[in-house]
Each structure stands twice: as structure tokens, then as C-alpha cells.
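In: build the 3D model from these lines:
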Amino acid sequence: MSCGCKTSGDSSHSCGTKSANGCESVDTCGNSYKLSVFDWLSNINNPSQSQTDFVEVRFKNDRKFFYKNVNKLPLHMGSVITVESSPGHDIGVVSLTGELVKIQMKKKNVSEENPLKIYRLANQKDIEVWQDARGKEEGVKIQARKIAIALNLEMKITDVEFQGDGAKVTFFYTAETRVDFRQLIKEFASLFRTKIDMKQIGFRQEAAKVGGIGSCGRELCCSTWLTDFRSVNTNAARYQQLSINPQKLAGQCGKLKCCLNYELDSYLDALSHFPSSSTTLDTEKGKAFCIKIDVFKKRMWFAYADHSMAWYDLDVDDVKKMIAKNKKGEKAQPLEDVKVLDAPVKSVDLIQENNMDRFERRGKSSGPNKNKRKPNNQQKPDNNSTGNQGDRRKRISEKPAGQAPDKQGDKPAQPNAKSPQQKPKNFKKKPQPKRDDNA
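Out: Now for the predicted structure:
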């Protein structure tokens, strides 16, 4: 009842469906990407006698909350339950049980006072009403967008979520400015005949709900595993020596990519060993300023102030020595003398893409070794050589009695003559003369 692959949805359950949309029954499965939780304490006995009565329940998209199991129901991951809501009740799926629920509640600052309750395990009627309400969401979203456009409101209806009993519908929208949607709520209430709830979300949350493929070729982090959206500024790109190009640095949400923060700490740690990028060197040929920095090679590129077209890459240790000389009042060496000389590296074609013989068969040989493929005793004799005439006569004389000798006799072989083994297609065997015993 809990998954499209007809399993109970317990902690050991794992969907075999690994498509871009997750499980085929993503609304009722306990293991589907961002909403799935791995209970690493499921096989460990609880040392304390008291067990928590709270469970984590998930709903559509990434919405989760904690409910108290007041009726002591036997719940496990993937159980479809009916929970308290305002008004009416809602249908959700248990995503986590046990001691990990306490840790999650403490992490999200959820109080245990006046908790919401779990009514019962969802019966067949509850699930049918829930599925019917979920089936209306796409049509309601299209109608809501038409009404918002007709009222000239600068907002975008991103998603629609019906409550499990259909008594309330929540509209998620994005807007850059404050929106007066009082008239919009009246239009929605008269058309849909339910309680209307409007909830504004950010552009990153919208991208997480819609999903998609990023520039890296993988599914968006916000729609798979990323739950907290930290602020990203252009300094993260500057520290990583990236060009400030909004088209390349922005994600599908229109904001800076969240992955700019992933390696920022490593870059800051590496840059702490570099001199400042605004460093100016006083050399014997004049002033030199820094052009760029390579964090991986630990090099800095400098150029003269009067001749900025020529760049010289210097090692970080050499730059520090030159700065120390300038502090003592001495001029450093010219950049040409301190420049790092890269030794030419001979490229090796590991996969032999430039070898023209890679498509040849192994049996065929080419090059200077082609004469070595057959032993000397298997080579064909040269009929044009005069030294082989005696051998030819010897073979003819050794033929058994009754066979006529070759008509060619001792005539030398023609250069273009066919070998006796290669017979033409229309070859007919000549009749042999009768044997004469008196001869």
C-alpha cells in the first residue's frame, strides 16, 4: 500500500526505480530522494526504557512536520496515516520513527508542548479522497494563473497543494514585490469552494519544487538533497578566481549557484598562504603588479606597469622573497630572471588514437616486420630463378607411373602464369591416355 513496488515501506525498503522522478508512486513511498531518511539506529536496541511517541510525517514536496502517536499505533516508515489539521484532517506518510525524531525536533526547535495528534492509519476511503484531491491540483493551478493574470498581479503561482480531505488548498507563489491578493482570494474562494491559503516562497524554493538539470549535467541539488539555502555572494566567485559572468554563475532560479559555497573554505585556506593580490613589486626594471593567481599551481602572474602585455608567472615562495627585499629597501630581480621555466613534457598517447593501424586485424602485419610473419620454409619458390629448374625436373620425374608429365616440360615458367594450385572456374579435367603394358 505504500510503494509502487508493492512493499511495506519499512526502514530496509529501497525502491528499485532510480529515474529522474524517483519512485513511480512518489506520493506514497517512503524512499524517494530528498524526502527519504535513512534510519541508522533501526538495528540498535534503545538503552533507555522510555521511547518517544513522536514521528516525522512528510507531505507533498518537501513539507514535513512532527506528530504525536497518542493511540500507540504500530507505525513504521512508509505508513500512510491520518493526522490532525485545521480544519479537518490531512493524509501523510511516516518518514522517520525512533530516537532520531528527538534529534530532528531539537535541531529544528520544535516544542513538545501542545503537539498535533495522529488519528489513525489511513483507510481505503481516506486514500481515495486524498488521491482525488491530488488529481485536481494541476487543473486548479492553471485556472489560478489565469485569474492572477486577469487581475494584473505581479506574481507567479508556482504550485498548489490540497489537504488530504480536500477542505483546504494552499497556493505557493513567488513575487519580487508586495502583492495585494485580497481580490484574488475572493475569486479563488468563489470558484473552488474551499478554504484558501496563500504562501509566498523564494526563487530557490521554486526551483526545488520544479526541479531540472543543472549546468553540471546532474539533477539540481535543491530538488534532491539540499534543504537549507545559505546566502551566496559574488565574493565566493572572486576567491575562486572565477569570472564575474552572471549567465554562468546563476542557476535556474536566477540566483547565484549554491555550489559556489561548497569549496569556498578550501580556497580560503589555500589563499591564506598567498600574498595579497594587490601586491606591487619594485624590481630593477620598474614596478610590477599582480595580474592573476593560480591556486592549484601556487603561482602568481606579474606584469610591468609600462609593459603590461607580457606576463611572467612566479612561484609563491619567490614572490615572498621579493617582497622581503622590498621591505628592506632593496630592489628585487627582474621578472625574467625569476620566471618559472616549465620543462617540456612529452605527451604519451595512452589510448593510441593517433595510430593509423589500430583498426587493422591482428592477423595482418604491417611495417618492417611484415616479412617475418611466415617461416622461410613456407615461402613460395621463385619460378623465375634458374636455380630451381633442376628441382622442377626432379619433381616431375618422381611422379608415379601412369601419370603424364607436364606438357610445359623444361620450359621456363611465365611470370604471369597461374600456379598449378589456382584453377580457373571453367577448368575441365583432361582424360588420361590408356595404360599400355607393352610400352
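In: what sits against residue 144?
Out: 157, 160, 171, 188 (C-beta atoms under 8 Å, 6 or more residues apart in numbering). Backbone N, C-alpha and C define where each C-beta goes, glycine included.
In: name the SS class of the second one, please.
Out: This points to residue 160. Put simply, residue 160 is strand when judged by DSSP: H, G, I helix; E, B strand; the rest coil.
In: what's the burial count for it?
Out: Number of residues near residue 160 (other C-beta atoms under 10 Å) recorded here: 23.
In: for it, name its beta-bridge partners.
Out: residue 171 (DSSP bridges).
In: from residue 136, how far out is it?
Out: As judged by C-beta to C-beta, to the nearest Å, residue 160 and residue 136 stand 9 Å apart.
In: same thing with residue 290?
Out: 62 Å.
In: higher neighbour count, these two?
Out: Per other C-beta under 10 Å, whichever of residue 290 and residue 136 has more neighbours is residue 290, with 19 against 14.
In: need the strands for the stretch 101-250 of the chain, in chain order.
Out: 116-121, 156-162, 168-174, 195-200 (DSSP state E, counting those that start in this stretch).
In: okay, those strands in TSV with mean pLDDT next?
Out: Converted to TSV, these look like this (pLDDT from 0 to 100):
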stretch	mean pLDDT
strand 116-121	93
strand 156-162	93
strand 168-174	93
strand 195-200	92
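In: could you give the number of residues near residue 239?
Out: By the criterion of other C-beta under 10 Å, residue 239 has 17 neighbours.
In: might you report the residue contacts of the residue lying closest to it once chain neighbours are set aside?
Out: Counting by C-beta to C-beta, 6 or more residues apart in numbering, residue 267 is the residue found nearest to residue 239 once chain neighbours are left out, at 5.1 Å. By C-beta under 8 Å, 6+ apart, the contact list for residue 267 reads 239, 240, 295.
In: return the distance of the nearest residue to the last one once chain neighbours are set aside relative to residue 240.
Out: Which is residue 295. Nearest residue to residue 295, sequence neighbours excluded (C-beta to C-beta, 6+ apart): residue 270, at 4.9 Å. Distance of residue 270 to residue 240, computed by C-beta to C-beta: 10 Å.
In: what touches both of these two?
Out: Counting by C-beta under 8 Å, 6+ apart, the contacts common to residue 270 and residue 240 are residue 295.
In: just the local confidence number for residue 312, please.
Out: On pLDDT, residue 312 comes in at 88.
In: how about the contacts made by the residue lying closest to it once chain neighbours are set aside?
Out: Leaving out its chain neighbours, the residue that sits closest to residue 312 by C-beta to C-beta, 6+ apart is residue 335, at 4.0 Å. Counting by C-beta under 8 Å, 6+ apart, residue 335 makes contact with 281, 283, 285, 288, 302, 304, 312, 314.
In: from those, keep the buried residues only.
Out: Neighbour-count burial (16 or more other C-beta atoms under 10 Å) applied to these gives 281, 283, 288, 302, 304, 312, 314.
In: which two of those have the greatest separation?
Out: The distance between the two most remote of the buried ones among the contacts of residue 335 (C-beta to C-beta) is 12.9 Å, for 304 and 314.
In: for the residue nearest to residue 338 when sequence neighbours are not counted, the count of nearby residues, please.
Out: Leaving out its chain neighbours, the residue that sits closest to residue 338 by C-beta to C-beta, 6+ apart is residue 318, at 5.1 Å. The local packing of residue 318 (other C-beta under 10 Å) involves 18 other residues.
In: thought residue 318 was touching residue 339?
Out: No - using C-beta atoms under 8 Å as the test, residue 318 is too far from residue 339 to be in contact (9.1 Å).
In: shaky segments in the protein?
Out: The model of the chain has pLDDT under 70 over residues 1-36, 42, 46-50, 342-343, 345, 348-359, 361-439.
In: can you pull out the helices in it?
Out: Taking DSSP state H as the criterion, the chain carries its helices at 100-107, 124-135, 137-150, 182-192, 203-210, 235-239, 246-249, 264-271, 316-327, 335-338, 389-397.
In: what's the local residue count around residue 191?
Out: For residue 191, the neighbour count with other C-beta under 10 Å is 13.
In: wait, I meant residue 92
Out: When neighbours are counted by other C-beta under 10 Å, residue 92 comes out with 26.
In: please name the bridge partners of it.
Out: Beta-bridge pairing of residue 92 under DSSP bridges involves residue 81.
In: end-to-end on stretch 252-266?
Out: 25 Å (C-alpha to C-alpha, to the nearest Å).
In: buried sites along that stretch?
Out: Buried, per 16+ other C-beta under 10 Å, within stretch 252-266: 252, 253, 255, 256, 257, 258, 259, 260, 264.
In: quick one: residues contacting the nearest residue to the last one once chain neighbours are set aside.
Out: Residue nearest to residue 264 in three dimensions, not counting chain neighbours: residue 236, with 5.1 Å by C-beta to C-beta, 6+ apart. Residues touching residue 236, when contacts are defined by C-beta under 8 Å, 6+ apart, comprise 256, 260, 261, 264.
In: can you add distance to residue 183 and give those back as a markdown table?
Out: Shown next, in a markdown table, are the contacts of residue 236 (distance: C-beta to C-beta, whole Å):
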| residue | distance to residue 183 |
| --- | --- |
| 256 | 35 |
| 260 | 41 |
| 261 | 41 |
| 264 | 45 |
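In: cool, thanks, signing off.
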